[in-house]
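J.: with the input below, show me the fold.
(4 chains)
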Protein chains: 2
Amino acid sequence: MEKDLEPFSTRVRRGAVLERNCPSREVLKHVTSQWGVLILIVLEGGTHRFSELRRKVDGVSERMLAQTLQWLEGDGLVERIAYPVVPPHVEYSLTPIGREAAGHIRALADWIEVRLPDICDAQAARVAA
Amino acid sequence: MEKDLEPFSTRVRRGAVLERNCPSREVLKHVTSQWGVLILIVLEGGTHRFSELRRKVDGVSERMLAQTLQWLEGDGLVERIAYPVVPPHVEYSLTPIGREAAGHIRALADWIEVRLPDICDAQAARVAA
DNA sequence: GGCCTTGCTTACTATTCGTAAGTACATACA
DNA sequence: TGTATGTACTTACGAATAGTAAGCAAGGCC
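T.: Next up is the predicted model:
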């Protein structure tokens, strides 16, 4: 029985992220991408315009911001509303499932910030050794 | 006041992942990296040898497995024990903080697997529109 | 001697990413 | 009237990163 011939529903039901072709791998990639993480955290704080996100997510390029927002929109985690005005006005916000995802991501980010001293100690200890 | 001159401790205390030079960004990058996520999930299930990880984390190359394990070890999340035998025998396991990180990651992965049908529906709806 | 094993490392290539510039208007200001 | 500014992107191109495949060390087995 080859993996590729296995019915979609089976893979979904089993929910096997560890498997190469599992569709959850893609979603995981979008959500945990370098900028996806930060965008979700910011959007958890409310609706933002493109340029507001660009300013808040320090270091993101317009290219990657646009691309990552398209991924997240494609996965149904982010909603995009464009007002047909000039100059353009576009608002991004989280969908209900987007809010769930953002909750998990923020929990992880918060944890890292809390544990950062421990992690830095570990890094320093390794350098010393 | 320039960001780069701001004392390290201040940035740490504030724990600002959104800032470009915050050290938590690096850790976040390692933990949420494509293979970091899956490695943490597997290691949560217990100690594994290099080749066992390679088999369980479907699709990872030896190059990226080694590199990601080194990141996680450097951050103090993974412990590496090498037995001086031939052929080599190396065991990887989670440290206490590694176990905490893995818990958050697995919560996210589990959530994605549960929500995958909804996400796929959202994707399909967009394609139709 | 030749081959097998494990846990890497090292070249080389493919993919992705960051940087900078361009676009289409409208408004502000000189 | 002309120039500058702001928005939300897209596009080209060089740089960084990831994937592929091969190599390596050193002992055991036949």
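J.: get me the contact residues on chain A for DNA strand C.
T.: Residues of chain A lying close to DNA strand C by C-beta under 7 Å from any atom of the strand are A:Ser33, A:Gln34, A:Trp35, A:Ser61, A:Glu62, A:Arg63, A:Met64, A:Gln67, A:Val86, A:Pro87, A:Pro88. C-beta here means a position set from N, CA and C on the backbone, and glycine is covered the same way.
J.: buried members of these into PyMOL, please.
T.: Buried members of the residues of chain A next to DNA strand C, defined by 16 or more other C-beta atoms under 10 Å in any protein chain shown, are picked up in PyMOL with:
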select buried, chain A and resi 33+34+35+64
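J.: now the helices for chain A?
T.: With helices called from DSSP state H, chain A shows them at A:8-14, A:23-31, A:34-43, A:50-56, A:62-74, A:96-128.
J.: re the thing from before, got a markdown table for the residues of chain A next to DNA strand C, with distance to B:Gly74 and pLDDT too?
T.: Below are the residues of chain A next to DNA strand C laid out as a markdown table (distance: C-beta to C-beta, whole Å; pLDDT from 0 to 100):
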| residue | distance to B:Gly74 | pLDDT |
| --- | --- | --- |
| A:Ser33 | 21 | 97 |
| A:Gln34 | 18 | 95 |
| A:Trp35 | 23 | 97 |
| A:Ser61 | 27 | 95 |
| A:Glu62 | 32 | 95 |
| A:Arg63 | 30 | 96 |
| A:Met64 | 25 | 97 |
| A:Gln67 | 29 | 97 |
| A:Val86 | 50 | 86 |
| A:Pro87 | 45 | 90 |
| A:Pro88 | 43 | 93 |
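J.: okay if I get the residues of chain A next to DNA strand C as TSV plus distance to chain B?
T.: Listed next are the residues of chain A next to DNA strand C as TSV, based on distance: C-beta to the nearest C-beta, whole Å:
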residue	distance to chain B
A:Ser33	8
A:Gln34	6
A:Trp35	11
A:Ser61	12
A:Glu62	16
A:Arg63	17
A:Met64	14
A:Gln67	16
A:Val86	25
A:Pro87	25
A:Pro88	20
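J.: ok, and which of the residues of chain A next to DNA strand C reach DNA strand D?
T.: Okay, of those touching DNA strand D (C-beta under 7 Å from any atom of the strand), that's A:Glu62, A:Arg63, A:Val86, A:Pro87, A:Pro88.
J.: which phi and psi values does the last one adopt?
T.: I take that to be A:Pro88. phi -60, psi 150 (degrees, to the nearest 10).
J.: that one: what's it in contact with?
T.: Residues counted as contacts of A:Pro88 (C-beta atoms under 8 Å, 6 or more residues apart in numbering or on different chains) are A:Ala82.
J.: ok so, going back, packed most tightly, which of the helices of chain A would that be?
T.: Greatest average neighbour count among the helices of chain A goes to helix A:34-43 (a mean of 22), per mean count of other C-beta atoms under 10 Å in any protein chain shown.
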